[in-house]
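1. Quick one, structure for this:
(2 chains)
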Amino acid sequence: ETGVTQTPRHLVMGMTNKKSLKCEQHLGHNAMYWYKQSAKKPLELMFVYSLEERVENNSVPSRFSPECPNSSHLFLHLHTLQPEDSALYLCASSQQTGRNEKLFFGSGTQLSVL
Amino acid sequence: GENVEQHPSTLSVQEGDSAVIKCTYSDSASNYFPWYKQELGKGPQLIIDIRSNVGEKKDQRIAVTLNKTAKHFSLHITETQPEDSAVYFCAASLPAGNTPLVFGKGTRLSVIA
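-> Residues are numbered from 1 along each chain as shown, chains lettered A, B, ... in the order given. You can find the predicted model right below:
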């Protein structure tokens, strides 16, 4: 148990659906992240939040919309996704952003877009 | 920006043998090099890290070495066990501001009993 919990573990959705991924951390960290993990590709950073403020947005399509209501919770809202968006979506947290911080990952949500 | 290359992509070793995974980075200003292990169905977990002011770090059966001149770093696992089977990721980070980690593509290690 890493202290970072993601739900759901698996999600299948059609291209016209709207769904949300949820992440919760119990570590008292101030920074939270969304990563995309696709087969045979490096982990791709999508969004970074520090103290509930978005500090990084790595040119992610607008069909992905993050929300960070407080420092313990992070959401990723999904709408009109494409089949190429199928991947494992990982949430992570760290004490602070930058400064070579250690990341604590959740187990991920395996997303399939049909 | 920083680019990290990782080799090999897959590695099979007999139980008890050693395993070595190598990474190279492009930006000489990078100063932090962690290694993450991802088991099936789980997210990556940090197993060891090294900063640019040291050349080697050990933690029981795992060790990491860093060659700043050549811009490469390696993970060494000795006396491998079946539970070492996983995907291993190296990463590199620049020292300034909110710079995120740049990850390699991963190495799938299989330890054969």
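
2. alpha carbons only for contacts and neighbour counts from here, please
-> Noted.

3. Flag every residue of chain A that's near chain B.
-> A:40-43, A:45, A:90, A:97-100, A:102-108 (C-alpha under 8 Å from any C-alpha of the partner chain).

4. Type out the PyMOL command that picks the buried ones from these.
-> With 16 or more other C-alpha atoms under 10 Å in any protein chain shown as the criterion, this PyMOL line picks the buried residues out of the residues of chain A next to chain B:
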select buried, chain A and resi 42+43+45+90+97+98+99+100+102+103+104+105+106+107+108
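
5. Tell me which stretches of chain B form strands.
-> B:4-7, B:10-14, B:19-25, B:32-38, B:45-51, B:56-59, B:62-67, B:72-77, B:86-92, B:102-103, B:107-112 (DSSP state E).

6. Which of the ones you listed comes out lowest on mean pLDDT?
-> Mean pLDDT is lowest for strand B:102-103 among the strands of chain B, at a mean of 91.

7. Please see if that strand touches chain A.
-> Yes - applying C-alpha under 8 Å from any C-alpha, one finds strand B:102-103 touching chain A at B:102-103.

8. List the pairing partners of that strand within its sheet, with orientation.
-> According to DSSP bridges, strand B:102-103 forms sheet pairs with strand B:86-92 (antiparallel).

9. what inclination does the partner strand have with respect to strand B:19-25?
-> Per axes from the mean of the first three to the mean of the last three C-alpha atoms, to 10 degrees, the angle that strand B:86-92 makes with strand B:19-25 is 30 degrees.

10. Relative to the whole chain's centre, how far out is strand B:86-92?
-> 5 Å (C-alpha atoms, centre = their mean, to the nearest Å).

11. List the buried residues of that strand.
-> So strand B:86-92, judged by 16+ other C-alpha under 10 Å, has buried residues B:86-92.

12. which residues are contacting it?
-> B:2, B:4, B:6, B:23, B:25, B:30-40, B:101-110 (C-alpha atoms under 8 Å, 6 or more residues apart in numbering or on different chains).

13. Return the members of those classed as buried.
-> Neighbour-count burial within those applies to B:2, B:4, B:6, B:23, B:25, B:30-39, B:101-110; the criterion is 16+ other C-alpha under 10 Å.

14. hmm, back to that, same list (the buried residues of strand B:86-92) but as TSV, adding distance to B:Q14.
-> Formatted as TSV, those follow (distance: C-alpha to C-alpha, whole Å):
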residue	distance to B:Q14
B:A86	14
B:V87	16
B:Y88	17
B:F89	21
B:C90	22
B:A91	26
B:A92	29
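
15. Dihedrals phi and psi, A:H73?
-> phi -130, psi 140 (degrees, to the nearest 10).

16. Contact partners for the nearest residue to it once chain neighbours are set aside?
-> Once flanking residues are discounted, A:H73 sits nearest to A:E24: 4.6 Å by C-alpha to C-alpha, 6 or more residues apart in numbering or on different chains. Contact analysis of A:E24 by C-alpha under 8 Å, 6+ apart lists A:4-6, A:72-74.

17. and if you look at B:V13?
-> B:19, B:80, B:109-112.

18. Name the residues of chain B found near chain A, please.
-> B:32, B:41-46, B:93-106.

19. picking up where we left off before, run the chain-centre distance for the helix or strand harbouring the residue nearest to A:H73.
-> In this assignment (DSSP states H and E), A:E24 forms part of strand A:18-25. Taking C-alpha atoms, centre = their mean, the mean C-alpha location of strand A:18-25 is offset from the chain mean by 8 Å.

20. how about that strand: buried residues?
-> A:20-25.

21. Pull the residues that contact stretch A:75-90.
-> Taking C-alpha under 8 Å, 6+ apart as the rule, stretch A:75-90 contacts A:14-23, A:34-39, A:63-68, A:105-114, B:43.
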